[in-house]
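Asker: Sequence and predicted structure, then a few things I'm wondering about:
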Amino acid sequence: MAAADSPSAALRRRDLCSRGIRLAGKMRSDVVDLLDTYVERQGLDASASVAAVEGVPVAAAERWDEQTGTQRLLENLAAYRAFRALLAQMLEEQREQLGEADAALGRALAAVLLQVSAFTYHLEELLRLESRGPPSEEGAGPPPLPHLGLFERKLRGLGVLRELAQWAVRSARDLRQLAKPGPGSGSAPSLAESP
């Protein structure tokens with residue numbers, strides 16, 4: 001645990017948090033652009049109401065300010081692992097549905113999937129830095145989805161992308177909180193000391 005408290009570890013954590021904030025901002029921007037393209041290409045109304053989607057983690061957190069740094073990282077990691085699986089499924093469905101007819105949408109989905117994968121790795125690095133390796137991914141994927149009709153899949157995709165955009169905002173906020181030095185920041189003094 002002493003390594004997590006050293007000045008070089010603190011600098012590394014701040015550096016990883018700063019880079020993570022930039023990654024989250026870029027990801028959010030790309031997801032918002034993808035949402036516009038997705039709505040247009042799928043023939044959906046941008047204001048369509050989408051109920052909570054099974055397997056999609058919700059970015060809203062109760063008592064966010066009471067969470068420890070480790071809790072924030074673990075929730076982010078679980079969410080992005082789920083998004084990685086959901087986006088891969090969306091990409092596969094997109095290829096089956098349209099083939100190469102809409103290559104631009106497929107490329108945009110693939111690019112966001114790559115960013116989600118990179119961000120997941122980034123979160124794992126932060127957990128490793130704190131002498132707490134990331135939890136195993138066994139059984140961490142979203143539950144198997146029931147067979148959905150074309151329209152329901154389109155709405156599920158819209159819900160996934162909307163929630164991913166919200167997670168990008170939350171992630172940047174979480175990383176800003178983690179980057180703050182000292183116990184007066186509202187986070188645990190050290191992530192390594194968190195439960």
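Answerer: Done, it's in. None of the values given here were measured: they were computed from a predicted structure. Residues are numbered from 1 along each chain as shown.
Asker: buried set for the lengthiest helix in the chain?
Answerer: The longest helix of the chain (DSSP state H) is helix 7-42. Neighbour counts over helix 7-42 (16 or more other CB atoms under 10 Å) mark 9-10, 13, 16-17, 20-21, 23-24, 27-28, 30-31, 34-35, 38-39, 41-42 as buried. All C-beta atoms are positioned from the backbone trio N, CA, C, and that covers glycine.
Asker: I'd like the average pLDDT over that helix.
Answerer: Averaging pLDDT along helix 7-42 gives 92.
Asker: what's that helix packed up against?
Answerer: On a contact count with 3 or more CB pairs under 8 Å, 6 or more residues apart in numbering; DSSP states H and E, helix 7-42 meets helix 103-129, helix 150-179.
Asker: starting at the chain centroid, how far to the shortest one?
Answerer: Spelled out, it's helix 103-129. Mean-position distance between helix 103-129 and its chain equals 8 Å (CA atoms, centre = their mean, to the nearest Å).
Asker: isn't Tyr80 right up against His122?
Answerer: No - judged on CB atoms under 8 Å, Tyr80 makes no contact with His122 at a distance of 9.1 Å.
Asker: Neighbour count for these two, which is higher?
Answerer: Neighbour count, other CB atoms under 10 Å: between Tyr80 and His122, Tyr80 has more, with 27 against 20.
Asker: Can you tell me the closest non-neighbouring residue to that one?
Answerer: Thr120 (4.4 Å; CB to CB, 6 or more residues apart in numbering).
Asker: number of nearby residues for the closest residue in space to Arg41 that isn't next to it in sequence?
Answerer: Distances taken as CB to CB, 6+ apart place Leu105 nearest to Arg41, at 4.9 Å, with adjacent residues excluded. Residues contacting Leu105 under the criterion other CB under 10 Å number 18.
Asker: Over to Leu155?
Answerer: When neighbours are counted by other CB under 10 Å, Leu155 registers 19.
Asker: ok, the residue nearest to Tyr80 touching Ala82?
Answerer: No - using CB under 8 Å, Thr120 makes no contact with Ala82, being 10.0 Å away.
Asker: Please determine how far Leu129 is located from Gly69.
Answerer: Leu129 sits 11 Å away from Gly69 when distances are taken as CB to CB, to the nearest Å.
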